[in-house]
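Student: Take a look and give me a structure for this.
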Amino acid sequence: MDKYDVVVIGAGPGGLAAAISAKKEGAESVLIIERDKEPGGILNQCIHNGFGVEIFKEDLPGPSYAERFVTEAESLGIEFMLDSMVLEVTPQKKIYTTSKWYGFKEIEATAIVLAMGARERTRAQIRIPGFRPAGVYTAGSAQRFVNIEGFMPGKRFVILGSGDIGMIMARRLTLEGAKVERVLEIMPFLTGLTRNYVQCLQDFNIPLQLSHTVNRILGKNRVEAIESVQVDENFNPIKGTEEIIPADTLLLSVGLIPENELSRKVGVKMDTLIQGPFVDEEMQTSIPGIFAAGNVVHIFDLVDWVTEAGFTAGKGAARFVKETKEKSDLVKLVPGNNIHHIVPQYLKKDALQNGPIKLMMRVIKPMEEKVWVELSDGKNLITRKLERYVRPGEMVILTVPQKAYDDVKKAKELIVSIEKFGG
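Tutor: Sure thing, here's the model as predicted:
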């Protein structure tokens, strides 16, 4: 076919969920385009447990989690176009693809869901000085080598960054017989989930050094050692704290970047703070009929939450197909005290008529005491939630209740902030 109701770009957890929910919501023809040879996205190489606790109430490995959605998509009659690259998307919702199977192809959609996921930051993006030897990998690349290709990238490791992939790979490499010397983190706090710190580092006696980074990479042909250094509150190296750590491999777990080249090219309005598109509560972007799902919007803590975002985007896409509606008036969500960003960034004035809405956010700095997460219109408190603590590495969720419909409808903007408990 050359024309579909909904076309989803990306067959990871967000894309699969979007396609399934679009089909269930009434879209007659749904296509998923995926550049890899198999659907499932990054889940196929995540053989550790920890997936599905919220969606299925089960603790599943990544491939098992993905397989449930692939099987459901196939049973619903959703089409897959695998091993195919999307070259361009237009505002008129035309999609240009190429592959060895179909050649160059033009596909037209009534609604599109962008679900391209995210990519890892590399050495070039964080500018580590030193030689450029073999043995420097992103944590995700090493994960693919070990879990899919059956290849060990080294024997003695240093990991830069306390992100979840890096901590998980510290455990995985240890189980395969490698020596993980330590994990270095430039921030003064953990950037991944606390559960991964406990299960992957503490349980295996792998040291974590906060406020430390790589000062130099040593070795001409192959990594021979890493020079670490402590940093001050402005992230400047502290002289005299340098330490040489013998190692043959450096893994980088220094963050993910939403994969939005297609989004920018089509003209979607972007949030430069998080490098993802601005979206409303249905995950619709600034272009009517183009939606975004999962890590392409911002980086989620859990794959289950990526899936939920995909469900939301797919439902919105199917409704757009049925109603072909333009965007209604929007209320802007503004980050207040200690809030880094909020997703969605906008709500339709009548958003709450379909039920409560979840706001997902990250904080700027950790607060280890009880705090209020508050939503207000600048003058009046609309809703609040008590949290035992907030940390940048753990997403905060605030649910806006349906009873706040009138407050949201008459507001020009809404402010989310973190306030001290009792304040």
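
Student: C-alpha from now on. contacts and neighbour counts both.
Tutor: Noted.

Student: So what's the residue count around V223?
Tutor: 23 (other CA atoms under 10 Å).

Student: Against P91, how distant is the nearest residue to it once chain neighbours are set aside?
Tutor: Nearest residue to V223 in three dimensions, chain neighbours excluded: D248, at 4.7 Å (CA to CA, 6 or more residues apart in numbering). Distance from D248 to P91, counting by CA to CA, to the nearest Å: 48 Å.

Student: Compare those two (neighbour count), which wins?
Tutor: Taking other CA under 10 Å, D248 and P91 do not tie; D248 has more neighbours (22 against 14).

Student: surely the more buried one meets E224?
Tutor: Yes. With contacts counted by CA atoms under 8 Å, D248 reaches E224, the gap being 5.1 Å.

Student: quick one, phi/psi of I55?
Tutor: phi -80, psi -50 (degrees, to the nearest 10).

Student: Next, work out how far apart it and G294 are.
Tutor: The value you get for I55 to G294, if CA to CA is used, is 15 Å.

Student: mind saving the C-alpha coords of the strand or helix carrying A313 as CSV?
Tutor: Assessed by DSSP states H and E, A313 sits inside helix 303-323. The C-alpha trace of helix 303-323 is given here as CSV (Å, rounded to 0.1, in the frame of the first residue of the first chain):
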residue,chain,number,x,y,z
VAL,A,303,10.4,1.3,29.3
ASP,A,304,6.9,0.8,30.8
TRP,A,305,6.6,4.6,30.7
VAL,A,306,7.8,4.8,27.1
THR,A,307,5.1,2.2,26.3
GLU,A,308,2.4,4.3,28.0
ALA,A,309,3.5,7.4,26.1
GLY,A,310,3.2,5.3,22.9
PHE,A,311,-0.3,4.3,23.8
THR,A,312,-1.2,8.0,24.3
ALA,A,313,0.3,9.0,21.0
GLY,A,314,-1.3,6.1,19.1
LYS,A,315,-4.7,7.0,20.5
GLY,A,316,-4.3,10.6,19.6
ALA,A,317,-3.2,9.7,16.0
ALA,A,318,-6.3,7.5,15.6
ARG,A,319,-8.6,10.2,16.9
PHE,A,320,-7.0,12.6,14.5
VAL,A,321,-7.7,10.3,11.6
LYS,A,322,-11.3,10.0,12.6
GLU,A,323,-11.8,13.7,13.4
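
Student: That one: which residues count as buried?
Tutor: 303-321 (16 or more other CA atoms under 10 Å).

Student: Quick check: beta-bridge partners of the closest residue to V396 other than its chain neighbours?
Tutor: Leaving aside its chain neighbours, V396 sits nearest to M361 (5.3 Å; criterion: CA to CA, 6+ apart). Beta bridges link M361 to I342, V396, judged by DSSP bridges.

Student: for this protein, where's the lowest mean pLDDT among helices and strands?
Tutor: For the chain, using mean pLDDT, DSSP states H and E, the weakest element among its helices and strands is helix 123-126, scoring a mean of 84.
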